[in-house]
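> Requesting a structural model of the entry that follows:
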Amino acid sequence: MSRSGEAVALLPPATPMVAAPRDAVVHTLSGQSMGSTWRLRLAAAPLALDEVRERVEACLAMLVRQMSHWEPASDLSCFNRRPAGTWQALAPDFASVMRSALLLAERSAGAFDPALGGAIESWGFGATGRFDSPGFTGPGPAVDGGETRTWRALQLDGDRLLQSGGCRLDLSAIAKGHAVDAVAAVLRRQGWHHFLFELGGELRGEGLKPDGQPWWVGLERPPDAVDLPALRVALIGQAVATSGDYRQGFRDGGGRWCAHTLDPRTGRPVNHALASVSVLHGRCAWADALATTLFVMGPHEGPRWAAEHQVAAWFVARDEAGGWREWPSPAMAAWRDG
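Got it, this is the predicted structure:
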(Lines give C-alpha, C1' and ligand atoms only; values in the text may rest on other atoms or scores of the structure.)
Protein backbone atom coordinates (compact mmCIF):
# COMPACT_ATOMS: atom_id res chain seq x y z
CA MET A 1 0.00 0.00 0.00
CA SER A 2 2.89 2.36 0.70
CA ARG A 3 5.11 3.31 -2.23
CA SER A 4 8.64 4.29 -1.41
CA GLY A 5 9.27 7.99 -1.91
CA GLU A 6 5.70 8.82 -2.94
CA ALA A 7 2.97 10.43 -0.90
CA VAL A 8 0.00 8.15 -0.28
CA ALA A 9 -3.55 9.52 0.04
CA LEU A 10 -6.32 7.30 1.38
CA LEU A 11 -10.12 7.59 1.34
CA PRO A 12 -12.45 5.49 3.53
CA PRO A 13 -14.10 2.55 1.72
CA ALA A 14 -17.52 4.21 1.89
CA THR A 15 -17.29 7.93 1.15
CA PRO A 16 -20.59 9.82 1.45
CA MET A 17 -20.25 13.24 -0.15
CA VAL A 18 -22.60 15.91 1.20
CA ALA A 19 -22.05 19.30 -0.39
CA ALA A 20 -21.03 22.25 1.75
CA PRO A 21 -23.28 25.35 1.62
CA ARG A 22 -22.86 27.34 -1.58
CA ASP A 23 -21.92 30.51 0.30
CA ALA A 24 -19.59 28.69 2.71
CA VAL A 25 -16.18 30.03 3.61
CA VAL A 26 -13.62 28.42 5.92
CA HIS A 27 -13.50 30.07 9.33
CA THR A 28 -10.55 29.30 11.62
CA LEU A 29 -10.49 29.45 15.41
CA SER A 30 -7.90 28.23 17.91
CA GLY A 31 -7.27 28.16 21.62
CA GLN A 32 -5.86 26.17 24.53
CA SER A 33 -7.35 23.42 26.67
CA MET A 34 -6.39 20.17 28.39
CA GLY A 35 -2.73 21.17 28.51
CA SER A 36 -2.63 21.46 24.72
CA THR A 37 -4.02 23.51 21.84
CA TRP A 38 -7.18 23.18 19.79
CA ARG A 39 -7.97 24.34 16.27
CA LEU A 40 -11.25 24.47 14.39
CA ARG A 41 -11.72 24.93 10.65
CA LEU A 42 -15.41 25.44 9.99
CA ALA A 43 -16.94 25.64 6.51
CA ALA A 44 -20.09 27.72 6.88
CA ALA A 45 -21.82 30.86 5.73
CA PRO A 46 -20.45 34.07 7.27
CA LEU A 47 -21.26 34.04 10.98
CA ALA A 48 -20.30 35.53 14.34
CA LEU A 49 -17.24 33.60 15.45
CA ASP A 50 -17.56 34.73 19.06
CA GLU A 51 -20.55 32.44 19.47
CA VAL A 52 -18.66 29.48 18.01
CA ARG A 53 -15.67 30.07 20.28
CA GLU A 54 -17.90 30.41 23.33
CA ARG A 55 -19.59 27.06 22.66
CA VAL A 56 -16.31 25.23 21.99
CA GLU A 57 -14.59 26.62 25.06
CA ALA A 58 -17.61 25.97 27.30
CA CYS A 59 -17.67 22.33 26.21
CA LEU A 60 -13.95 21.84 26.81
CA ALA A 61 -14.06 23.60 30.19
CA MET A 62 -16.90 21.31 31.31
CA LEU A 63 -14.84 18.23 30.45
CA VAL A 64 -11.76 19.59 32.23
CA ARG A 65 -13.86 20.05 35.38
CA GLN A 66 -14.92 16.43 35.13
CA MET A 67 -11.88 14.45 33.99
CA SER A 68 -8.66 16.44 34.36
CA HIS A 69 -5.98 14.79 36.49
CA TRP A 70 -4.17 18.14 36.54
CA GLU A 71 -6.99 20.03 38.33
CA PRO A 72 -7.13 19.21 42.07
CA ALA A 73 -10.83 20.12 42.18
CA SER A 74 -11.89 18.04 39.16
CA ASP A 75 -14.34 15.19 39.62
CA LEU A 76 -11.59 12.71 38.70
CA SER A 77 -9.17 14.13 41.28
CA CYS A 78 -11.91 14.01 43.91
CA PHE A 79 -12.50 10.34 43.10
CA ASN A 80 -8.80 9.58 43.45
CA ARG A 81 -8.89 10.99 47.00
CA ARG A 82 -12.03 9.18 48.11
CA PRO A 83 -11.80 6.67 50.98
CA ALA A 84 -12.10 2.99 50.23
CA GLY A 85 -15.59 1.60 49.86
CA THR A 86 -17.28 4.85 48.87
CA TRP A 87 -19.20 5.66 45.70
CA GLN A 88 -19.05 8.79 43.58
CA ALA A 89 -21.78 9.96 41.22
CA LEU A 90 -20.36 10.78 37.79
CA ALA A 91 -21.47 13.45 35.34
CA PRO A 92 -22.82 12.04 32.04
CA ASP A 93 -19.62 12.54 30.02
CA PHE A 94 -17.44 11.10 32.78
CA ALA A 95 -19.71 8.07 33.07
CA SER A 96 -19.70 7.56 29.29
CA VAL A 97 -15.90 7.66 29.15
CA MET A 98 -15.64 5.19 32.04
CA ARG A 99 -18.00 2.76 30.32
CA SER A 100 -15.88 2.83 27.17
CA ALA A 101 -12.62 2.59 29.14
CA LEU A 102 -13.76 -0.41 31.16
CA LEU A 103 -15.09 -2.15 28.04
CA LEU A 104 -11.75 -1.73 26.28
CA ALA A 105 -9.84 -2.81 29.39
CA GLU A 106 -11.81 -6.05 29.41
CA ARG A 107 -11.51 -6.68 25.66
CA SER A 108 -7.77 -6.01 25.70
CA ALA A 109 -7.14 -8.11 28.83
CA GLY A 110 -5.70 -5.06 30.60
CA ALA A 111 -3.53 -3.60 27.84
CA PHE A 112 -5.71 -0.54 28.38
CA ASP A 113 -6.32 0.46 31.99
CA PRO A 114 -8.04 3.67 33.20
CA ALA A 115 -6.72 2.99 36.73
CA LEU A 116 -3.04 3.43 35.84
CA GLY A 117 -2.73 6.81 37.57
CA GLY A 118 -0.53 5.60 40.42
CA ALA A 119 2.08 4.07 38.13
CA ILE A 120 1.98 7.11 35.82
CA GLU A 121 2.69 9.39 38.77
CA SER A 122 5.48 7.11 39.98
CA TRP A 123 7.26 7.30 36.62
CA GLY A 124 7.05 11.10 36.49
CA PHE A 125 4.39 11.37 33.77
CA GLY A 126 1.52 12.62 35.94
CA ALA A 127 0.58 15.99 37.35
CA THR A 128 3.13 15.93 40.19
CA GLY A 129 6.79 14.93 40.43
CA ARG A 130 7.22 15.40 36.69
CA PHE A 131 10.16 13.75 34.92
CA ASP A 132 11.03 17.12 33.36
CA SER A 133 11.00 19.03 36.65
CA PRO A 134 14.20 19.98 38.52
CA GLY A 135 15.29 17.31 40.95
CA PHE A 136 13.62 14.35 39.26
CA THR A 137 15.84 11.32 39.86
CA GLY A 138 13.82 8.53 38.31
CA PRO A 139 10.72 6.50 39.05
CA GLY A 140 9.50 6.30 42.60
CA PRO A 141 8.67 3.13 44.50
CA ALA A 142 6.71 0.52 42.59
CA VAL A 143 2.97 0.93 43.00
CA ASP A 144 1.66 -2.13 44.78
CA GLY A 145 -1.82 -3.22 45.75
CA GLY A 146 -2.33 -5.79 43.00
CA GLU A 147 -5.81 -6.13 41.59
CA THR A 148 -7.25 -3.55 44.01
CA ARG A 149 -5.58 -0.77 42.01
CA THR A 150 -6.35 -1.85 38.46
CA TRP A 151 -9.42 -1.63 36.26
CA ARG A 152 -10.64 -4.92 37.72
CA ALA A 153 -11.32 -3.17 41.03
CA LEU A 154 -13.50 -0.49 39.45
CA GLN A 155 -17.23 -1.03 39.75
CA LEU A 156 -19.47 1.18 37.64
CA ASP A 157 -23.12 1.02 38.63
CA GLY A 158 -25.07 3.24 36.25
CA ASP A 159 -23.47 6.63 36.83
CA ARG A 160 -21.82 5.71 40.15
CA LEU A 161 -18.21 4.55 40.50
CA LEU A 162 -16.81 2.67 43.49
CA GLN A 163 -13.44 3.63 44.95
CA SER A 164 -11.93 0.31 46.09
CA GLY A 165 -9.11 2.02 47.97
CA GLY A 166 -6.04 3.76 46.56
CA CYS A 167 -7.28 3.38 42.99
CA ARG A 168 -6.10 6.35 40.89
CA LEU A 169 -7.77 7.12 37.59
CA ASP A 170 -5.94 8.62 34.64
CA LEU A 171 -8.05 9.04 31.50
CA SER A 172 -5.40 10.78 29.39
CA ALA A 173 -5.60 8.07 26.73
CA ILE A 174 -9.33 8.51 26.07
CA ALA A 175 -10.65 11.80 27.52
CA LYS A 176 -9.02 14.01 24.89
CA GLY A 177 -10.56 11.95 22.12
CA HIS A 178 -13.92 12.15 23.88
CA ALA A 179 -13.53 15.93 24.01
CA VAL A 180 -13.10 16.01 20.22
CA ASP A 181 -16.34 14.02 19.85
CA ALA A 182 -18.13 16.27 22.33
CA VAL A 183 -17.12 19.45 20.48
CA ALA A 184 -18.21 17.86 17.20
CA ALA A 185 -21.61 17.10 18.73
CA VAL A 186 -21.94 20.72 19.90
CA LEU A 187 -21.17 21.99 16.39
CA ARG A 188 -23.65 19.62 14.76
CA ARG A 189 -26.41 20.65 17.17
CA GLN A 190 -25.93 24.23 15.96
CA GLY A 191 -26.37 23.12 12.36
CA TRP A 192 -22.68 23.20 11.41
CA HIS A 193 -21.85 19.96 9.59
CA HIS A 194 -18.64 20.76 7.66
CA PHE A 195 -15.58 21.13 9.87
CA LEU A 196 -12.22 19.79 10.99
CA PHE A 197 -11.50 19.93 14.71
CA GLU A 198 -8.17 19.12 16.34
CA LEU A 199 -7.24 18.88 20.01
CA GLY A 200 -3.63 18.05 20.81
CA GLY A 201 -3.12 15.97 17.68
CA GLU A 202 -6.46 14.12 17.79
CA LEU A 203 -8.63 15.09 14.81
CA ARG A 204 -12.17 14.64 13.58
CA GLY A 205 -13.50 15.69 10.18
CA GLU A 206 -17.12 16.12 9.12
CA GLY A 207 -18.56 17.01 5.72
CA LEU A 208 -16.54 18.76 3.04
CA LYS A 209 -14.64 21.94 2.36
CA PRO A 210 -16.28 24.61 0.15
CA ASP A 211 -14.31 23.34 -2.88
CA GLY A 212 -15.90 19.90 -2.46
CA GLN A 213 -12.71 18.29 -1.17
CA PRO A 214 -12.66 16.26 2.06
CA TRP A 215 -10.60 17.33 5.04
CA TRP A 216 -7.20 15.84 4.28
CA VAL A 217 -4.79 15.35 7.19
CA GLY A 218 -1.33 13.84 7.36
CA LEU A 219 -0.78 10.87 9.66
CA GLU A 220 1.71 11.69 12.38
CA ARG A 221 5.14 10.12 11.87
CA PRO A 222 8.03 9.59 14.29
CA PRO A 223 10.23 12.69 13.83
CA ASP A 224 13.26 10.70 12.68
CA ALA A 225 11.36 8.52 10.20
CA VAL A 226 12.26 10.87 7.37
CA ASP A 227 12.51 8.11 4.76
CA LEU A 228 8.87 7.07 5.08
CA PRO A 229 6.50 8.47 2.42
CA ALA A 230 3.96 11.04 3.53
CA LEU A 231 0.57 9.50 4.26
CA ARG A 232 -2.65 11.51 4.07
CA VAL A 233 -6.15 10.36 4.99
CA ALA A 234 -9.53 11.91 4.25
CA LEU A 235 -11.56 12.47 7.41
CA ILE A 236 -15.19 12.24 6.31
CA GLY A 237 -17.14 11.39 9.44
CA GLN A 238 -13.93 9.90 10.78
CA ALA A 239 -11.42 10.61 13.53
CA VAL A 240 -7.73 9.80 13.80
CA ALA A 241 -5.38 9.49 16.77
CA THR A 242 -1.74 8.44 17.05
CA SER A 243 0.21 6.92 19.94
CA GLY A 244 3.99 6.69 19.91
CA ASP A 245 7.14 6.51 22.01
CA TYR A 246 8.69 9.80 20.89
CA ARG A 247 6.52 12.51 22.43
CA GLN A 248 7.63 12.48 26.05
CA GLY A 249 10.16 10.50 28.00
CA PHE A 250 13.57 10.42 29.63
CA ARG A 251 16.67 8.24 29.74
CA ASP A 252 17.23 6.28 32.91
CA GLY A 253 20.57 5.73 34.61
CA GLY A 254 21.44 3.00 32.14
CA GLY A 255 20.65 5.16 29.12
CA ARG A 256 17.43 3.32 28.28
CA TRP A 257 14.64 5.46 26.81
CA CYS A 258 11.60 5.49 29.09
CA ALA A 259 8.58 6.47 26.99
CA HIS A 260 5.58 8.15 28.59
CA THR A 261 3.27 5.26 27.64
CA LEU A 262 3.21 2.54 30.27
CA ASP A 263 2.18 -1.06 29.78
CA PRO A 264 -0.50 -1.55 32.47
CA ARG A 265 0.34 -5.25 32.63
CA THR A 266 3.88 -4.52 33.85
CA GLY A 267 3.60 -0.99 35.22
CA ARG A 268 6.66 -0.01 33.18
CA PRO A 269 7.26 2.00 29.97
CA VAL A 270 6.72 0.09 26.75
CA ASN A 271 9.85 -1.44 25.29
CA HIS A 272 9.50 -2.88 21.80
CA ALA A 273 10.08 -2.07 18.13
CA LEU A 274 6.83 -0.21 17.48
CA ALA A 275 7.36 3.54 17.15
CA SER A 276 3.79 4.63 16.48
CA VAL A 277 0.25 3.44 15.80
CA SER A 278 -2.43 5.56 14.13
CA VAL A 279 -6.09 4.52 14.34
CA LEU A 280 -9.02 5.68 12.23
CA HIS A 281 -12.46 5.36 13.81
CA GLY A 282 -15.91 6.90 13.69
CA ARG A 283 -15.46 8.10 17.28
CA CYS A 284 -12.34 9.94 18.37
CA ALA A 285 -12.57 8.58 21.92
CA TRP A 286 -12.14 5.09 20.51
CA ALA A 287 -9.43 6.14 18.04
CA ASP A 288 -7.55 7.68 20.97
CA ALA A 289 -7.90 4.69 23.29
CA LEU A 290 -7.31 2.06 20.60
CA ALA A 291 -4.12 3.76 19.39
CA THR A 292 -2.73 3.55 22.93
CA THR A 293 -3.88 -0.04 23.35
CA LEU A 294 -2.32 -1.27 20.11
CA PHE A 295 0.89 0.61 20.82
CA VAL A 296 1.12 -1.02 24.27
CA MET A 297 0.56 -4.46 22.73
CA GLY A 298 3.55 -4.08 20.44
CA PRO A 299 4.47 -5.19 16.90
CA HIS A 300 3.16 -8.75 17.17
CA GLU A 301 0.19 -8.77 19.54
CA GLY A 302 -1.08 -5.37 18.34
CA PRO A 303 -1.56 -6.22 14.65
CA ARG A 304 -3.18 -9.57 15.54
CA TRP A 305 -5.64 -7.86 17.89
CA ALA A 306 -6.39 -5.13 15.33
CA ALA A 307 -7.15 -7.72 12.68
CA GLU A 308 -9.35 -9.74 15.03
CA HIS A 309 -11.34 -6.65 16.11
CA GLN A 310 -11.42 -4.99 12.66
CA VAL A 311 -9.57 -1.85 13.76
CA ALA A 312 -8.30 0.43 10.99
CA ALA A 313 -4.72 0.98 12.13
CA TRP A 314 -1.40 1.97 10.60
CA PHE A 315 1.74 0.60 12.30
CA VAL A 316 5.25 2.07 12.10
CA ALA A 317 8.16 0.09 13.56
CA ARG A 318 11.94 0.24 13.71
CA ASP A 319 13.72 -2.69 12.09
CA GLU A 320 16.88 -4.46 13.24
CA ALA A 321 19.00 -2.69 10.60
CA GLY A 322 18.12 0.74 12.00
CA GLY A 323 15.54 1.50 9.32
CA TRP A 324 11.77 1.60 9.26
CA ARG A 325 8.89 -0.55 8.20
CA GLU A 326 5.18 0.25 8.14
CA TRP A 327 2.01 -1.64 7.37
CA PRO A 328 -1.79 -1.32 7.64
CA SER A 329 -4.21 -3.59 9.44
CA PRO A 330 -6.69 -5.39 7.15
CA ALA A 331 -9.39 -2.82 7.95
CA MET A 332 -6.98 -0.01 7.10
CA ALA A 333 -5.92 -1.75 3.90
CA ALA A 334 -9.54 -1.54 2.74
CA TRP A 335 -9.21 2.25 2.46
CA ARG A 336 -8.83 3.19 -1.19
CA ASP A 337 -6.15 5.26 -2.86
CA GLY A 338 -7.34 8.84 -3.26
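> before we move on, what SS does Ser276 have?
Counting by DSSP: H, G, I helix; E, B strand; the rest coil, the backbone at Ser276 sits in strand.
> Near the closest residue in space to it that isn't next to it in sequence, how many residues? Count them for me, please.
Nearest residue to Ser276, sequence neighbours excluded (CB to CB, 6 or more residues apart in numbering): Gly244, at 3.5 Å. In this view, the C-beta of every residue, glycine as well, is placed from N, C-alpha and C. The tally of other residues near Gly244 (other CB atoms under 10 Å) stands at 22.
> so Gly244 makes contact with Pro222?
Yes. Using CB atoms under 8 Å, Gly244 makes contact with Pro222 at a distance of 6.0 Å.
> Need the overlap of contacts for those two.
Ala275, Ser276, Val316 (CB atoms under 8 Å, 6 or more residues apart in numbering).
> Give the pairing partners of the helix or strand containing the last one; include direction for each.
Under the criterion DSSP states H and E, the helix or strand holding Val316 is strand 312-318. According to DSSP bridges, strand 312-318 has the following sheet partners: strand 274-281 (antiparallel), strand 324-328 (antiparallel).
> looking at the ones you listed, which is buried most?
Mean neighbour count (mean count of other CB atoms under 10 Å) peaks for strand 274-281 among the strands paired with strand 312-318, with a mean of 25.
> Pull the distance from that strand to the chain's centre.
In terms of CA atoms, centre = their mean, to the nearest Å, the centre of strand 274-281 is found 10 Å from the chain centre.
> And the contacts of it?
Residues outside strand 274-281 that contact it (CB under 8 Å, 6+ apart): 12, 219-222, 225, 233, 238-246, 286-288, 290-291, 294-295, 298-299, 302, 311-318, 324, 332, 335.
> what's the domain layout of the protein?
With domains defined by automatic domain parsing, the chain comprises 1-17+212-338, 75-163.
> Let me have these in a markdown table, extended by mean pLDDT and distance to Thr37.
Converted to a markdown table, the domains of the chain look like this (pLDDT from 0 to 100; distance: least, CB to CB, whole Å):
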| stretch | mean pLDDT | distance to Thr37 |
| --- | --- | --- |
| domain 1-17+212-338 | 88 | 14 |
| domain 75-163 | 87 | 19 |
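> so which strand or helix has the residue lying closest to Pro330 once chain neighbours are set aside?
Spatial nearest neighbour of Pro330, excluding adjacent residues (CB to CB, 6+ apart): Ala307 at 5.2 Å. For Ala307, the enclosing helix or strand under DSSP H and E is helix 284-308.
> buried sites along that helix?
Neighbour-count burial for helix 284-308, counted by 16 or more other CB atoms under 10 Å, picks out 284-299, 302-303, 305-306.
> For it, which helices and strands make contact with it?
Where contact means 3 or more CB pairs under 8 Å, 6 or more residues apart in numbering; DSSP states H and E, helix 284-308 is packed against helix 92-107, helix 175-189, strand 202-206, strand 238-244, strand 274-281, strand 312-318, helix 330-333.
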